[in-house]
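# Take a look and give me a structure for this.
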Amino acid sequence: LAGSAIDAAPDTTPVQTTELAPAGQAPAAQAAPTAAPEPVRHQVTRGETAYTVARLYQVSVKDLAEWNGLGPDFAIREGQYLLIPLTGTPAPNRVAELPRRSAAVTEPGEGSPTPTPPSAATPLPAEQVAPRGAAEAPQVKLDPPTQDPSAGAAMAFPVTGKIIRTYSKGRNEGIDISAPAGTPVTAAADGSVAAITSSADKVPIVVVRHADGLLTVYANVDNIRVKKGDSISRGQTIAELRQGDNAYVHFEVRNGFDSVDPMPYLE
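Sure thing, here's the model as predicted:
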C-alpha cells in the first residue's frame, strides 16, 4: 500500500543542479606577502657607548635605547647585542617577543613530567679553562668615523674620538672625548672668544660665546691659537690636546651659567 501511494504522488520537488568548475583548474594564487625589513644587530665592543653606536649608524640614541630597553643612563656592556632602529618603525614590544615555554599536557592526577637533565643525554665536553689572569683581553682600537656625524647638527664635535665620560648634571657638567695627544681642538660653532683662563690645577680653558646666549667650554687643552675677543668660525682650530697618556678634551655647553647636555646639539 505504501509503495502504491508513493508512485501515485505528484512530483513537487524538482532536483536543482549547480555547474561545477572544470577539473584541474586551480584557484587564483594569492600574492605573496612582502617581507618586512629586518633590523641590523650590533655587538658592543670594549670602549663603545650608546652614543658612539648611535652615531655609527646615524640613528637617535633615544630610539636606540627604546629598541633595546636601555636604562635612563643608556648603559651598555661589552659583548651585548643591540638592535639598530629602523627609520619610521616603532620599537617592538619586547614583552610580546619573549619566547613562551611549551608544556606537555597531562591528564588530571598524572603529575607533571620531569625534564631530562642535560648530562643524562650527552656528557659535558672536555674543556680546558685557563687560570684567571693568564691572558688579558686584547685592547680594541676604534677607528674614527669616515664622515662627520654632526655635519647637520647645531654644533660640531671639537675632536674626533671616543666619548669616555658622558654628561651627568652635578657630577660631570659636559662630555670627555679622548683622542691622540696633539690632536687639533676645533670650535663647535661660529662665535667669539669670551675668555681664556685655567683651572686650579693650571689646566688651560677656552670659553667661546655663541648666539642665543650659549657658551662652549674647552678644557684640558694646550697650545691655544686664539686670544680673547677673536671671532672664530665652526671647525676652526683653537688649541690642541695636551701631551701625555690622558689626552682628552672636556667639552661643555652652557645656557648662560647653567650647563646642559651637549649631545642634543651634536646629533
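# What are the boundaries of the helices in this structure?
2-8, 50-56, 61-68, 118-121, 263-266 (DSSP state H).
# model confidence over the first one, on average?
The average pLDDT for helix 2-8 rounds to 65.
# By mean pLDDT, show me the worst of the helices of the chain.
Set side by side, these give their lowest mean pLDDT on helix 118-121, at a mean of 56.
# What are the structural domain limits within this protein?
40-84, 162-265 (the TED database).
# would you turn those domains into TSV with mean neighbour count?
For glycine as for every other residue, the C-beta is placed from the backbone atoms N, C-alpha and C. As requested, the domains of the chain are arranged in TSV below (neighbours: other CB atoms under 10 Å):
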stretch	mean neighbour count
domain 40-84	16
domain 162-265	16
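# Between its first and last residues, how far does stretch 210-227 reach?
Start and end residues of stretch 210-227 are separated by 16 Å (CA to CA, to the nearest Å).
# which outside residues touch it?
Residues from elsewhere that reach stretch 210-227 (CB atoms under 8 Å, 6 or more residues apart in numbering): 155, 158, 174, 185, 187-191, 193-194, 196, 199, 203-209, 232, 237-243, 248-256.
# Could you do stretch 255-264 as well?
With CB under 8 Å, 6+ apart, stretch 255-264 has contacts from 51, 61, 155, 166-167, 169, 173-175, 213-215, 251-254.
# okay, and the helix or strand of the protein with the least pLDDT?
Least confident element among the helices and strands of the chain, by mean pLDDT, DSSP states H and E: helix 118-121 (a mean of 56).
# rewinding a little: got JSON lines for the domains of the chain, with distance to residue 90 too?
Shown next, in JSON lines, are the domains of the chain (distance: least, CB to CB, whole Å):
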{"stretch": "domain 40-84", "distance to residue 90": "9"}
{"stretch": "domain 162-265", "distance to residue 90": "21"}
